[in-house]
Each structure stands twice: as C-alpha cells, then as structure tokens.
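Engineer: using only what follows, build the 3D model:
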Amino acid sequence: RGLIHDDERWMVHYTKLAAFVARFGHADVPKTWVSDNNLARWVSQQRNLYRRYVENKLYTYEVEADGRLGRKNNQLTPWRIQKLYDIGFTFKTQFNWKDRYEQLRNVFEKEGNITSACMDAKGEWEEEFPGLYLWTFTQRTEYRKWKEGLPSRMNDDKFEQLNSLGFEWDPMQALWEKRRMQLQKYREEYGHIRVTRKQDRSLASFLIDQRKKYRLYQESPAASTLTEEKIKLLEDVGMEWDPLETRWQMKFDELELFSRDHGHCQVPVLYPENQSLGNWVLAQRSSKREGRLDREKEDQLLSIGFVFDVADHSFDQGMQKLREYKKKHGDCLVPRTYEDQSLVMFVCNQRNQYRRLLKNRQNSVTDERLQQLKEVGFVFRVESPWDDYYERLCQFRDVHGHANVPVNHTDTSLASFVYQQRNLYRLLKQGKKKTMTPEKIEKLERIGFAWNTNEARWMQRLGELKKFIAEHGHCNLPPNHRAFPQLGMWLWTQRRNYKRLQAGEKNTMTEQRIKLLEEAGIELSVPANRPKR
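Structural biologist: Okay, here's the model as predicted:
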C-alpha cells in the first residue's frame, strides 16, 4: 500500500511538470520559479535518481507485474523514466556556452536590448530559459578574472559576441538601468514617479537610495556612485530629488491659481474642486505658528496675499468697514437690516465677545482690539430696537385695522418681530424664558395683538371687516359675496357661532370676541343664511 501511495504522489508532481512543459515547451523548471518551488526540487531529484540508475547505484528495485513500482520509495523505475521521456524530459541539464549565448540573443531580439533583461531570478525570461540568470553572472565573474590575468573561460571571441548584444558587464549598472526603465514605464502609466512602497517596494527603495546618493553627490561628487550622466537620465524620467519640496511648490501653484480666481487665499477646508488644498493651507499656518516654515516659503506665500492669522485679518477687515460706516453715518450703530451683512455680523460678534469678557468666559478680545473699538466710538451695549418695531407695528395696525402681520408680509423684519413676540410669550407661559416683560405684553394687547396664531387670523379678519365698513358704510356681506368671498364666509361663521353660543352650545365664539364685533358695529343677531354651494 505504501508503494502505491508513493507512485500516486510521484504522479502529482509529474502532472504539474507536464503542465509546465505544455506552457513553456521544455521541462527545465528553474529553482527560483515562484509558481511552485517544490516542482524544481522534484525535477532535480529525478535527475539525481536517473544518474544513480545509470551508474547502477541503489538500483535494488523489483519490478511488479505492470513494471511500475520498485520496492524502495523515490526510486526511478523504467516506467517512470518512460513517462518522463514522453513529455520531452531531458536528464542531462548541462548547456554549452553557445546554447546559453543563443538564449541570450533570443532575449535581445525580443527586448531590443539586454541591459534590463535577465536581471531578475524571478523574471519571465528565467522561466523560459532556466539558469540563464545565473549564467550571466558567471560570464561577469569570468570576465573579471580574464581582465585581471587570472585563469578564465572568457576569451576575446566570447567577449566580442556578448558586447555585440550590449551585454552589461557591471551587474550593479545593469540593475540600475533596469530600475530606471521601470521608472520610465511607471511615469508613462501614472504621469509621475512618486512610487509608494505599497505599489512596488523595491522601486520605492531605489528612489530613496538615489536621493541619498544625490545629496552625497552635492556634498562630494567623488564620494557618491551617482554620476552626472545618471542624474540626467533620472531627471529625464521626472526624478524629484526633494519630493516634499516639489509637492509644496505644486500646492503653492494651485493656491496662486485659486487666489487669481477668487481674489483671496482663504480656501475652505472642504473646497469641492480641490479638497486637499484647504488642508494644505491649514498646514502652512500651523507650520508658521510652530516656527517650522522657512522664510523663503513665508515670503512666497505673502507675495500672493496669504493670511497666516485669519482671526486678526478678519478683525482688521471688519474695523475698516466700521470706520467707513462711521464716516458715512456719523456713528457705529449698524442696524441689523444693513445691506452689508458681514459688517452686521462683525458688530454683533464684537459685542458678544465683550459680554463674554465681562463674564470671565473665553473670548477673542485683546487690549489692542479693545483700544481700536473705543477709538472709533464703538458702543458695546445698545438698547433693544423693540420700541422701533412696536412703532412700526402700530403703523401697520392703523393701515390694516389689526396688528397681526402675516408671515409672508413684504416687511419681513416686522413679520419676524411679530413671530418672535409670540414665541417669547409662549416661553414665558412655560416658565422657560422671561425676556417678555409685563410692560411689553400690555403695550401689545393695547393695539389688539393676538398671542395665538388662530386668534391672530381672527383679528386679521375683523380688521378687514372694519375696513369694509369704513369704505361701504355697512356690513351686509353675504357668504357668497363676489368681491369678498372669504370675508363674507367669515362674517357668516361669526353669526352662526353667536347663535349656537346663545343656544348653550360652546364653540370658538367668546365674550371677548362678541365685544369686539359689537364695538365694530356688527349686528350678530341677523339670521345667518346658509351659504349656497
């Protein structure tokens, strides 16, 4: 049973080798073949067993009836030898110099050069021509011995033949050239050569090494293996000797373009057209604060109007606008409705920061800023414009007959004031906020202000009815009046509700509403005819 198991295991490797032969046309699996390292060892083992077989060493197998198995595991039998012959397996692996040269010439014809070919034991040429990679190193070794006058298999004829293919005698130069060509290919694909370790660890390491050698070359050319020729070749493929400096300059160019388009350098952090630019701008301010920004870069940024201290810059801009406002209006009392809302926000923020200062809370007030505000005559505490709005509300009541400004009124600020008063009144009733005073409540109710929105609509209709009476001298409005259908329906509803209240049925009609209707000269006892549909 053990022999059968061994034969099955042998067939597993044999099947893999047959697949290799079908793919590459030969059975010489390289030792460094990445797809299956075990297969290369197995192939080597078959050749060793064959050599013993031929030399009649360890040949103690006994052929079974089918001629397949020997008594000892891992022995080569006639059946196995024949199976290997069937797929073109060769038990002799030594190539002569001419064979290897022809393989190398084959590479040259396909690649156009061999400066970067066959330099990687894991490359595709090593799979097609196993051992060629090591053979090239052997030629270099023999060449060095030949040049030094030592015994060597290199001669003039071999040297000339290899030279005709552009053979690189310096292996390090060959590897360098290979990396350079990889960089060129990378640039063609990505437009730059900023290779990351995650993309290609060896190529990224090569770039780092070249930059180190470049810095050494700048200090002492003789101490570096980098030459003027290599420097030029690398620069031709886009080499960045100082990638951080290169990226900084790229971002500066982007910022300069932004400044031309927008008139400033205040790039939002989440700028949609260039999200990284906003973060870069923040990084420059941080570097300036921490003393890491060199003077040359600082001057370069200042030349396009870059602002390092945004808070000071915003304050200076606000002060400039405030001075212009005072020069034009004679004071610093900027109304909330002023056309330049940025100045309104600036003024409000200064008062807010001053209040925080008085309460010993965190604020942005400095002695210098405080002095500038005082010099311009800034008023840190101003009276509420509530009385101004109340006066405007009284004027509205005189015109419309009620004090209930609709939300969609053309005077949006007055409509907002009315909404705010109702909201503050509701909060007062809930015990949450007490900015609504009894004095304000009394003044608003004096002009018929309705705290409830439903009440407000009712008062609005009453005002419209008073206006109708003043213009027509009566209030005989049928529910289906062509000119005033809504007002006629409202009057019909009030008379109906009054009649139901008299009959003991509770509804929205109240004694207060009855009093207001009678004061307006409306006769509620008139029969409320049902509106026609």
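Engineer: next one: phi and psi at the residue lying closest to Cys265 once chain neighbours are set aside?
Structural biologist: In space, and not counting its chain neighbours, Cys265 is closest to Phe306: 4.7 Å by Cβ to Cβ, 6 or more residues apart in numbering. The C-beta positions use only the backbone N, C-alpha and C, and glycine is treated the same way. When read as degrees, to the nearest 10, the backbone of Phe306 gives phi -70, psi 140.
Engineer: next: Glu245.
Structural biologist: Torsion angles at Glu245 (phi, psi; degrees, to the nearest 10) stand at phi -70, psi -40.
Engineer: buried residues, whichever strand or helix holds Val418. List them.
Structural biologist: Using DSSP states H and E, the element containing Val418 is helix 412-429. For helix 412-429, a neighbour-count test (16 or more other Cβ atoms under 10 Å) marks 414-415, 417-418, 421-422, 424-425, 428 as buried.
Engineer: check stretch 499-517 too.
Structural biologist: The neighbour-count check on stretch 499-517 (16+ other Cβ under 10 Å) flags 499, 501, 509, 513-514, 516-517 as buried.
Engineer: okay, buried residues for stretch 299-318 please.
Structural biologist: Buried, per 16+ other Cβ under 10 Å, within stretch 299-318: 300-301, 306-308, 314-315, 318.
Engineer: closest to Asn96 out of those?
Structural biologist: Closest approach between these and Asn96, by Cβ to Cβ: Gln300, at 65.9 Å.
Engineer: leaving out chain neighbours, which residue sits closest to that closest one?
Structural biologist: Here the nearest residue to Gln300 in space, its sequence neighbours aside, is Phe252; by Cβ to Cβ, 6+ apart that works out to 6.4 Å.
Engineer: give the contact list for the one you found.
Structural biologist: Phe252 makes contacts with 297, 300-301, as judged by Cβ atoms under 8 Å, 6 or more residues apart in numbering.
Engineer: look up how far Arg179 lies from it.
Structural biologist: Going from Phe252 to Arg179 by Cβ to Cβ, to the nearest Å gives 30 Å.
Engineer: Glu298 now?
Structural biologist: Counting by Cβ to Cβ, the gap from Glu298 to Arg179 is 37 Å.
Engineer: more neighbours, the two?
Structural biologist: Arg179 (20 against 15; other Cβ atoms under 10 Å).
Engineer: could you export the helix or strand the more buried one falls within as CSV, keeping only the C-alpha atoms?
Structural biologist: Here Arg179, judged by DSSP H and E, is contained in helix 171-190. Only the C-alpha atoms of helix 171-190 are listed here, as CSV (Å, rounded to 0.1, in the frame of the first residue of the first chain):
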residue,chain,number,x,y,z
PRO,A,171,25.8,43.8,-12.6
MET,A,172,25.0,46.8,-10.4
GLN,A,173,24.9,49.1,-13.5
ALA,A,174,22.5,46.5,-15.1
LEU,A,175,20.3,46.6,-12.1
TRP,A,176,20.4,50.4,-12.0
GLU,A,177,19.4,50.6,-15.7
LYS,A,178,16.5,48.1,-15.1
ARG,A,179,15.1,50.3,-12.3
ARG,A,180,15.4,53.4,-14.4
MET,A,181,13.4,51.7,-17.2
GLN,A,182,10.8,50.6,-14.6
LEU,A,183,10.5,54.3,-13.5
GLN,A,184,10.0,55.3,-17.1
LYS,A,185,7.3,52.7,-17.6
TYR,A,186,5.7,53.9,-14.3
ARG,A,187,5.7,57.5,-15.5
GLU,A,188,4.1,56.6,-18.8
GLU,A,189,1.2,55.0,-16.8
TYR,A,190,0.8,57.4,-13.9
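Engineer: list the buried residues of it.
Structural biologist: 174-180, 182-183, 186-187.
Engineer: what's the most distant pair in these?
Structural biologist: Maximum pairwise distance among these (Cβ to Cβ): 20.7 Å, between Ala174 and Arg187.
Engineer: just to revisit the earlier point, quick check, nearest of the buried residues of stretch 499-517 to Gly330?
Structural biologist: For the buried residues of stretch 499-517, the minimum distance to Gly330 (Cβ to Cβ) is 45.5 Å, reached by Leu516.
Engineer: tell me the first helix or strand C-terminal of the lowest-mean-pLDDT helix or strand in the chain.
Structural biologist: Every helix and strand of the chain was ranked by mean pLDDT, DSSP states H and E. The lowest is helix 124-128, at a mean of 60. Next along the chain after helix 124-128, taking DSSP H and E as the criterion, comes helix 132-147.
Engineer: any low-confidence regions in this structure?
Structural biologist: Within the chain, the ranges that satisfy pLDDT under 70 run 1-5, 32, 54-74, 92-95, 112-131, 134, 171, 310-311, 382-384, 527-533.
Engineer: next, the contact list for the residue most central in space within it, please.
Structural biologist: Within the chain, the residue whose C-alpha comes closest to the C-alpha centroid is Gln275; the distance, by Cα atoms, centre = their mean, is 6.1 Å. Contacts for Gln275 (Cβ under 8 Å, 6+ apart) come out as none.
Engineer: and the gap between it and Gln182?
Structural biologist: 31 Å.
Engineer: sorry, back to before: just how off-centre is the helix holding Val418 within its chain?
Structural biologist: Between the centre of helix 412-429 and the centre of its chain there are 43 Å (Cα atoms, centre = their mean, to the nearest Å).
Engineer: only alpha carbons, please: show it as CSV.
Structural biologist: Coordinates of each C-alpha in helix 412-429 appear next as CSV, following Å, rounded to 0.1, in the frame of the first residue of the first chain:
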residue,chain,number,x,y,z
THR,A,412,-40.2,90.5,6.5
SER,A,413,-38.4,92.1,9.5
LEU,A,414,-41.7,93.2,11.0
ALA,A,415,-43.2,89.8,10.4
SER,A,416,-40.2,88.2,12.1
PHE,A,417,-40.7,90.6,15.1
VAL,A,418,-44.3,89.5,15.5
TYR,A,419,-43.4,85.9,15.3
GLN,A,420,-40.7,86.4,17.9
GLN,A,421,-43.1,88.1,20.3
ARG,A,422,-45.5,85.2,20.2
ASN,A,423,-42.6,82.7,20.7
LEU,A,424,-41.3,84.7,23.7
TYR,A,425,-44.8,84.9,25.2
ARG,A,426,-45.2,81.1,24.9
LEU,A,427,-41.8,80.5,26.6
LEU,A,428,-42.8,82.9,29.4
LYS,A,429,-46.0,80.9,30.0
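Engineer: by contact count, what packs against it?
Structural biologist: For helix 412-429, the packing partners by 3 or more Cβ pairs under 8 Å, 6 or more residues apart in numbering; DSSP states H and E come out as helix 386-400, helix 438-446.
Engineer: can you list the buried residues in the first one?
Structural biologist: By neighbour count, with 16+ other Cβ under 10 Å as the criterion, the buried positions of helix 386-400 are 389-390, 392-393, 396-397, 400.
Engineer: got these as JSON lines, with distance to Lys443 columns?
Structural biologist: Below are these laid out as JSON lines (distance: Cβ to Cβ, whole Å):
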{"residue": "Tyr389", "distance to Lys443": "11"}
{"residue": "Tyr390", "distance to Lys443": "6"}
{"residue": "Arg392", "distance to Lys443": "13"}
{"residue": "Leu393", "distance to Lys443": "10"}
{"residue": "Phe396", "distance to Lys443": "14"}
{"residue": "Arg397", "distance to Lys443": "12"}
{"residue": "His400", "distance to Lys443": "18"}
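Engineer: not counting sequence-adjacent ones, nearest residue to His481?
Structural biologist: Nearest non-adjacent residue to His481, counting by Cβ to Cβ, 6+ apart: Gly488, 3.8 Å away.
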